[in-house]
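[1] Requesting a structural model of the entry that follows:
(4 chains)
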There are 4 protein chains.
Amino acid sequence: MKKTAYIKDTQNWMNEFSFSHEVSVRFSETDMFGHMNNTVPFIYFEEARIEFFKALGFMQNWTVASSDTIPVVADLQCDFLKQVYFGEKLRIYVKANELGTSSVDLHYMGKRENGDLCFVGRGRMVQLNKHSGKGEAWSDEQRNLFFSPVSIKK
Amino acid sequence: MKKTAYIKDTQNWMNEFSFSHEVSVRFSETDMFGHMNNTVPFIYFEEARIEFFKALGFMQNWTVASSDTIPVVADLQCDFLKQVYFGEKLRIYVKANELGTSSVDLHYMGKRENGDLCFVGRGRMVQLNKHSGKGEAWSDEQRNLFFSPVSIKK
Amino acid sequence: MKKTAYIKDTQNWMNEFSFSHEVSVRFSETDMFGHMNNTVPFIYFEEARIEFFKALGFMQNWTVASSDTIPVVADLQCDFLKQVYFGEKLRIYVKANELGTSSVDLHYMGKRENGDLCFVGRGRMVQLNKHSGKGEAWSDEQRNLFFSPVSIKK
Amino acid sequence: MKKTAYIKDTQNWMNEFSFSHEVSVRFSETDMFGHMNNTVPFIYFEEARIEFFKALGFMQNWTVASSDTIPVVADLQCDFLKQVYFGEKLRIYVKANELGTSSVDLHYMGKRENGDLCFVGRGRMVQLNKHSGKGEAWSDEQRNLFFSPVSIKK
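    Numbering: from 1, shown residues only, chains lettered A, B, ... in the order given. Got it, this is the predicted structure:
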């Protein structure tokens, strides 16, 4: 695999994932070059990230109207390793790589059923206070949850 | 042109449009069959409809948080007449075909620069009261605006 | 349920579906009105339709580069019955309502787990010959497959 | 502005852009948090990049069926600086930051009409040979074009 700045040791990095979410490449997600369009992994990252947050018990709070905080994306990146095609089933893995005061650096990998690594990525989320527009520090409970063992979904 | 139930006389129907909005087919809106994916005209209809509402002075009210009403789509349909390809510039025409108490039947056509009719469509919108969840009758001012002359955009 | 021209008797119409495909409303499929955007059911219809074609054994032929025919959408429509929200699981049902020489009128319904009917729709597909650009008549084998019992998926 | 690894001196970096393409945030590109969804800048980057390639005279070759080469995305990233809302007009700037043998590192910025920098990004494209699946070296003509003055569009 091509070296990316956020992956020191590929094998170790891959082993640290436990949570994953399955997606299937939609026909409407292909483009005229015959493969999955390059904007699509970011849709999968969002879907998998939200399932990850649900599994941790965070998402439910963030989507009620009365919530004081929402998660906001600070940055996102994706490295494309293999072309992906219509109908392929991919497992999108998510892990918390590092916690800041009110942010988390999430890492992602998209794998075929046969183990092929198709794309990898990362991105920082910030827990924002809706009223102040500023970062809201994670509670101790939240900090613990991020690194709790979350079993592989489905 | 193939007969559709909502178009009695094609030439008359076409002549009644005055408002239009230009779109350009994005690469990400094509699919592996090499043409614009069939889900895309509905994105264009929404964009053109909103520009139409803006030109009428409605949209601005609907998108402020304090608004008591929002427009909701009751139904949508599209007839595909010609295949459309990446990079094509299309003009999306919108007109109010018929007004109900709190709803409007909007008609659409998507045309190439050379005049080719690529797709036509229609759909009913309802002005919904956010609190009651029921239709909110158009005011006389709104009713008049729907059939006022709106000059062709750009 | 509101009357739509393509549904004569709602209960009979619903009973005729056997094939279905499950989708989950993505965060990126919501809009600032807080619900699923109106363009999204057409993405679900395509996904469910393709799964239906796969179950019938058609899709595999259509997506190989050497295929002489591709399925093309002639028209699409959707009636929105209930607002749908982020994270909801919907079962999208598909059936062949009527066969033409080279086309098929497909009907759709989107249902919540609790049985709520959220949207219904229909649309005609044509089997197109890539070279002539004209409709290619269904074979007898294909005609039989359309009305064979396809068991409910998953 | 927050420091990003690919921007050494923000003012210099901004000054090096000359090509830009205007987009307007669609209603269907917002999400239930009320702002532009985080997957959307990548759609804008693709659209602006293709307009950039068209201005250079590359894109026309890549999209004809007989072309031996296609451009493929190797990686993409985006840093979100300000929340962006429905209806906002943004100018997406693109420049070639660095050329490899068969690849180019493109940089992007998304700016409001008032000059606010809303998001920045970058990503490497590779010119791929369709038959070998390997990188195809840029010709001297192509290399020169990348750094030719391309006037601001529209």
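[2] So what does the closest residue to A:His131 other than its chain neighbours have for phi and psi?
    Sequence neighbours aside, A:Asp68 is the residue nearest to A:His131 in space, at 6.6 Å (criterion: CB to CB, 6 or more residues apart in numbering or on different chains). Every residue, glycine included, has its C-beta placed from N, CA and C. The phi and psi torsions at A:Asp68 (degrees, to the nearest 10) take the values phi -80, psi -10.
[3] OK, contacts around A:Asp68?
    Residues in contact with A:Asp68 (CB atoms under 8 Å, 6 or more residues apart in numbering or on different chains) are A:129-131, A:136.
[4] how far out from the middle of the chain is the lowest-mean-pLDDT helix or strand in chain A?
    Lowest by mean pLDDT, DSSP states H and E among the helices and strands of chain A is helix A:59-62, with a mean of 78. The chain centroid and the centroid of helix A:59-62 are separated by 16 Å under CA atoms, centre = their mean, to the nearest Å.
[5] For chain D, tell me whether it is touching it.
    No. Contact of helix A:59-62 with chain D (CB under 8 Å from any CB of the partner chain) is absent, the minimum separation being 9.0 Å.
[6] Sort out which residues of that helix are buried, please.
    By neighbour count on 16 or more other CB atoms under 10 Å in any protein chain shown, the buried set for helix A:59-62 is A:59, A:62.
[7] Alpha carbons of it, as PDB, please.
    C-alpha atoms of helix A:59-62 as PDB (Å, rounded to 0.1, in the frame of the first residue of the first chain):
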ATOM      1  CA  MET A  59     -25.800  10.000  18.000                       C
ATOM      2  CA  GLN A  60     -29.200   9.700  19.700                       C
ATOM      3  CA  ASN A  61     -28.400  12.800  21.800                       C
ATOM      4  CA  TRP A  62     -27.100  14.900  18.900                       C
END
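[8] Check which helices and strands it sits against.
    helix A:40-56, strand A:69-80 (3 or more CB pairs under 8 Å, 6 or more residues apart in numbering or on different chains; DSSP states H and E).
[9] One more pass at 6 Å, please.
    Contacts defined by 3 or more CB pairs under 6 Å, 6 or more residues apart in numbering or on different chains; DSSP states H and E place helix A:59-62 against no helix or strand at all.
[10] Show me which of the contacts of A:Asp68 is closest to D:Lys111.
    Comparing the contacts of A:Asp68 against D:Lys111 with CB to CB picks out A:Lys130 as the nearest, at 25.6 Å.
[11] what's the closest one in contact with, if anything?
    By CB atoms under 6 Å, 6 or more residues apart in numbering or on different chains, the contact list for A:Lys130 reads A:Asp68.
[12] can you count the residues close to A:Thr63?
    21 (other CB atoms under 10 Å in any protein chain shown).
[13] same deal with A:Val64?
    That count, for A:Val64 with other CB under 10 Å as the rule, works out to 7.
[14] Can I take it that it is in a strand?
    No. The assignment for A:Val64 is coil, going by DSSP: H, G, I helix; E, B strand; the rest coil, so no strand is present there.
[15] any idea how far it lies from chain B?
    17 Å (CB to the nearest CB, to the nearest Å).
[16] cool, and A:Lys89?
    Taking CB to the nearest CB, one finds A:Lys89 at 17 Å from chain B.
[17] pLDDT at that residue, what is it?
    Looking at A:Lys89, its pLDDT is 98.
[18] give the contact list for A:Arg26.
    So A:Arg26 contacts C:Glu47 (CB under 6 Å, 6+ apart).
[19] which parts of chain A sit against chain D?
    Proximity of chain A to chain D, by CB under 6 Å from any CB of the partner chain, involves residues A:33, A:38-39, A:42-43, A:70, A:73-80.
[20] same thing but at 7 Å, please
    A:33, A:38-39, A:42-43, A:46, A:70, A:73-80 (CB under 7 Å from any CB of the partner chain).
[21] for A:Gly87, what are its contacts?
    A:24-25 (CB atoms under 7 Å, 6 or more residues apart in numbering or on different chains).
[22] Need the three-state assignment for it.
    Quick answer, by three-state DSSP: A:Gly87 is coil.
[23] which phi and psi does the residue located most distally from the centre of chain A have?
    Among the C-alpha atoms of chain A, the one farthest from their average position, using CA atoms, centre = their mean, is that of A:Met32, at 26.7 Å. The phi/psi pair for A:Met32 (degrees, to the nearest 10) reads phi -70, psi -10.
[24] Assess the claim that it and B:Phe86 are in contact.
    Yes. Look at A:Met32 against B:Phe86 with CB atoms under 7 Å: they come within range, at 5.8 Å.
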